[in-house]
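K.L.:
Sequence first, predicted model second:
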Amino acid sequence: MTRLHIDDGDLVVRLPWRWALAARRRTVRLPLKFVDEVGIEPHWWRAVRPRPGHRYRFRPGRWCVGELEHARGRDFVALRAQGPVLVISTSVGRDALYARLALSADDPDAAAAWLREVAAKSADDRLSLGLSTFRLRCISEREAKDAGTASRRDENADAYGSLPRA
């Protein structure tokens, strides 16, 4: 079974040692900013898309692990051939390494609830940082615009003589 944890704003998936040997990697990292949707697929085989990649291994009827290639990009799967599957999707057009992660977990429902909570908190943090940065940028642009308008008014006053102030 895979284990999930958060490290420096990234979702880290740790593979069991046998699956790590098959996939030729011990961990998979996905920044939380790329997580768009977290769900449960009740049938494991629906989470597997066509065309296995060069790093894909399986044992028929037991497990499959590795990268799958498709039209939207690549998926990473680490699945047992039984039970529900945790599916983590990213949006199209982002710079995420994978379009989707499909993982077998001990309790996929609890893992999905935990990941939704963590991803929502991360999105709220990014949103508040983005808004404050946006506000600061707008305020500084407005101050620059006002300063530019005042200097242009002074230039116009010098060119056309003194203008009466209203």
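P.N.:
Looks like it arrived, so ask away. Predicted model, so just to flag it, every value in this text is computed and none were measured.

K.L.:
which residues in this structure form strands?
P.N.:
Assigned by DSSP state E, the strands in the chain fall at 3-7, 10-14, 27-31, 35-41, 52-59, 63-70, 73-80, 85-90, 100-103.

K.L.:
From A22, how far out is the residue positioned nearest the centre of the chain?
P.N.:
Centroid-nearest residue in the chain: F34, 0.9 Å away (criterion: Cα atoms, centre = their mean). According to Cβ to Cβ, to the nearest Å, F34 stands 25 Å off from A22. (Glycine included, C-beta is placed from N, CA and C.)

K.L.:
neighbours of the residue lying closest to R14 once chain neighbours are set aside, just the number please.
P.N.:
Nearest residue to R14, sequence neighbours excluded (Cβ to Cβ, 6 or more residues apart in numbering): R3, at 4.5 Å. Using other Cβ atoms under 10 Å, R3 has 14 other residues around it.

K.L.:
Where does pLDDT dip in this protein?
P.N.:
Residue ranges of the chain with pLDDT under 70: 51-54, 92-94, 126-166.

K.L.:
picking up where we left off before, right, and the residue nearest to the centre of the chain touches A99 too?
P.N.:
No: assessed by Cβ atoms under 8 Å, F34 is found out of contact with A99, at 9.8 Å.

K.L.:
Return every residue with contacts to both of the two.
P.N.:
Each of T90 lies in contact with both F34 and A99 under the rule Cβ atoms under 8 Å, 6 or more residues apart in numbering.

K.L.:
Tell me which of the strands of the chain lies nearest to A113.
P.N.:
Minimum separation from A113 across the strands of the chain (Cβ to Cβ) falls at strand 35-41, 8.6 Å.

K.L.:
now the angle from the closest one to strand 85-90?
P.N.:
160 degrees (axes from the mean of the first three to the mean of the last three Cα atoms, to 10 degrees).

K.L.:
And strand 35-41, what does it pack against?
P.N.:
strand 85-90, helix 108-160 (3 or more Cβ pairs under 8 Å, 6 or more residues apart in numbering; DSSP states H and E).

K.L.:
That one: partners in the sheet, and parallel or antiparallel?
P.N.:
Here strand 35-41 is paired, per DSSP bridges, with strand 85-90 (antiparallel).

K.L.:
Okay, angle between the strand it pairs with and strand 73-80 too, please.
P.N.:
Angle of strand 85-90 versus strand 73-80, following the same axes, to 10 degrees, is 160 degrees.

K.L.:
Show me the contact partners of strand 85-90.
P.N.:
The contact list for strand 85-90, computed with Cβ under 8 Å, 6+ apart, reads 11, 30, 34-41, 43-44, 47, 79, 96, 98-105, 108, 111-112, 115.
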